[in-house]
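Participant: Sequence first, then the predicted structure:
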Amino acid sequence: MRLDPAHFRFGVGNAAPRTPFALKRASPQARGLAACWPLFAGPGLGLRDLSGNGAHLTLGATTETPSWVKTAAFNAHALDFDGGDEAHVAAGNIGALDLTSEITISVWVRPDNLGDANGLRIVSKRTTVGGSDVYALFLLDSGTPQVWFRIGGSDLVWTVTLATAVWHHIAATYKSGERRIYHNGALVASDTQTGSIATSTRGVYLGHREGETRYLDGSLADARIYGRALAMREVRAIYDPQTRWAIYREEAVPRVWPKAAGGGVTTRTGIGSLQAVLQHQASLLASTDAALRAEAAVSALAGAALAQIASRNASLELAVQAVRQAQADLDTALIRTLGREAGLDANLTVQGASQRSGALDGAIRRLNLLSGALEAVLRASAQGSAALDAWIALNLAGTAGLDAIAMRRGQFSDTALQGVLRATPDRAAALDAVIGLVISAATSRTQSIGARETVAGGLRGHVIPSGNRRH
């Protein structure tokens, strides 16, 4: 495709927005829209009217139809007409398109033929009776190439030889007393015209006039109709590469890569659709719940151990504080994670999904901190209290996993937990396995701990509250 070097340079705002996208209603370009057809989006979305007036385009059922082509100028699609007997592209009889006082037609067109004596229609709404147009923008060549803007039976004509196979932005405006044609943001023709615009029960057509030939030979990329006459600066903004797409807002959520902190395990997940992101969101919440259940079990075990030695070793107070701080931090991380759910459901973005992943990372890191705190507690206990050694030997000797803790004098760390996580593909199932191991051991020793307190040095049990926690 040949480009106009004066107006199209890549990387200066020419690339059209990527799908999915929506109309940015706060944009000044959206004010007064009667219809907005983003043809550059291709099949489906390209034929939708984004103005909210329901003027969606349909393709007529004939043997020939316009084709969707890729255009390098906008790095997007365009709807291409070959000038033959093609299916029409029409919006139907929509009340919002019966404009009686003011109108603006704005369109990107790439002509392959500069017209004939009948006039090749770019945009047309025909009168209810008769062969004229209520309003129309078209190319005509009866010896001299011209661009025509018709209001009722009167025409404003701009004589010009447009470059073919090159994209042009053409806008035509009318309000009582003034009619104008703009080309690439510049005013090129005007005249004095008064009166109201007639209404019609016919539809609006692109690339064709209803019931007749007048078939466009060229491509259209973005077409809009306004119910008001745009000022020159507004027309220029639609053409300007820096602002031409300001009316649209991209909403794509391409990929999310959450990273888990436990044992250096990293999960890389590509998400290509909103539905996949929501499913991944549910998975993250389930993993968070599992992490919290494991944290609660480990916290209870740490609390029981700390209660037995706190009175004999003042230095263990630092470990107690560390456990409590880790619990509070984890509680805060969970509240923030759940608090973002409503916002993420309403308008899911890459940043929102990444924040949820970060919250999960924080929860898992807090679990590792708790495990490390427990390791410090047991190690300090083994070094500083013979009575605690006896208590561990008598109360934890019955379970194979806890036997290892007693025999290795508190060398239990998050190594075992990391091993289970690496061995089990599903992190939630891995955490459930750890929970089962801890809870089973704690349950089987609950009664024997009370019976053997005397043997363990007369120490009384005390459980450190794990804090309020939401699951």
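Facilitator: Nice, thanks for sending it over. All values derive from a computational prediction rather than experimental measurement.

Participant: Make sure G54 is indeed in a strand.
Facilitator: No - according to DSSP: H, G, I helix; E, B strand; the rest coil, G54 belongs to no strand; its state is coil.

Participant: shouldn't it be in contact with I94?
Facilitator: Yes - in this structure, G54 is within contact of I94 by C-beta atoms under 8 Å, at 6.4 Å. Every residue, glycine included, has its C-beta placed from N, CA and C.

Participant: Settle it for me: which of those two has more neighbours?
Facilitator: I94 (18 against 13; other C-beta atoms under 10 Å).

Participant: thought the more buried one was touching V204?
Facilitator: Yes - here I94 lies in contact with V204, judged by C-beta under 8 Å, at a distance of 7.4 Å.

Participant: what sits in contact with each of these two?
Facilitator: Counting by C-beta atoms under 8 Å, 6 or more residues apart in numbering, the contacts common to I94 and V204 are 35, 55.

Participant: need the contact list for Q29.
Facilitator: Counting by C-beta under 8 Å, 6+ apart, Q29 has contacts 234, 237-238, 243, 246-247.

Participant: let's go with 7 Å and repeat that
Facilitator: 237-238, 246-247 (C-beta atoms under 7 Å, 6 or more residues apart in numbering).

Participant: Including pLDDT, could the residues you listed go into JSON lines?
Facilitator: Formatted as JSON lines, the contacts of Q29 follow (pLDDT from 0 to 100):
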{"residue": "A237", "pLDDT": "97"}
{"residue": "I238", "pLDDT": "97"}
{"residue": "A246", "pLDDT": "95"}
{"residue": "I247", "pLDDT": "97"}
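
Participant: Need the residues you listed in a markdown table (columns: distance to F40, neighbour count and secondary structure).
Facilitator: Converted to a markdown table, the contacts of Q29 look like this (distance: C-beta to C-beta, whole Å; neighbours: other C-beta atoms under 10 Å; DSSP: H, G, I helix; E, B strand; the rest coil):
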| residue | distance to F40 | neighbour count | secondary structure |
| --- | --- | --- | --- |
| A237 | 18 | 19 | helix |
| I238 | 14 | 23 | helix |
| A246 | 15 | 16 | coil |
| I247 | 12 | 25 | coil |
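
Participant: Number of residues surrounding V69?
Facilitator: V69: 13 neighbours (other C-beta under 10 Å).

Participant: quick one: contacts for it?
Facilitator: 77-78, 80, 219.

Participant: distance of it from L220?
Facilitator: V69 sits 11 Å away from L220, going by C-beta to C-beta, to the nearest Å.

Participant: How about R228?
Facilitator: R228 is 22 Å from L220, by C-beta to C-beta.

Participant: Compare those two (neighbour count), which wins?
Facilitator: More crowded of R228 and L220, by other C-beta under 10 Å: L220, with 24 against 17.

Participant: Look at the more buried one and report its pLDDT.
Facilitator: L220 is assigned 96 on the pLDDT scale.

Participant: One more: H471?
Facilitator: The model's pLDDT for H471 equals 46.

Participant: again, but for R224
Facilitator: The model's pLDDT for R224 equals 98.

Participant: Leaving out sequence neighbours, find the closest residue to it.
Facilitator: Residue nearest to R224 in three dimensions, not counting chain neighbours: S106, with 4.5 Å by C-beta to C-beta, 6 or more residues apart in numbering.

Participant: which residues touch whichever strand or helix holds the one you found?
Facilitator: Secondary-structure assignment from DSSP states H and E places S106 in strand 102-111. Applying C-beta under 7 Å, 6+ apart, the contact partners of strand 102-111 are 78, 122-123, 135, 137, 139, 162, 164-175, 197, 218-230, 238.

Participant: try 6 Å
Facilitator: 122-123, 137, 162, 164, 167-175, 218-226, 228-230, 238 (C-beta atoms under 6 Å, 6 or more residues apart in numbering).

Participant: buried stuff in that strand?
Facilitator: By neighbour count on 16 or more other C-beta atoms under 10 Å, the buried set for strand 102-111 is 102-111.

Participant: OK, contacts around H183?
Facilitator: I170.

Participant: where does A333 fall, helix, sheet strand or coil?
Facilitator: helix.

Participant: does the closest residue to it other than its chain neighbours sit in a helix or strand, and which one?
Facilitator: Distances taken as C-beta to C-beta, 6+ apart put G362 closest to A333, at 4.1 Å, once the chain neighbours are dropped. Element membership for G362 (DSSP H and E) is helix 350-384.

Participant: Neighbours of N184, how many?
Facilitator: Other residues close to N184 by other C-beta under 10 Å number 17.

Participant: That one: what's it in contact with?
Facilitator: Taking C-beta under 6 Å, 6+ apart, one finds 169, 239 in contact with N184.

Participant: Number the chain from 91, please
Facilitator: Got it, first residue is 91 now, which makes that one N274.
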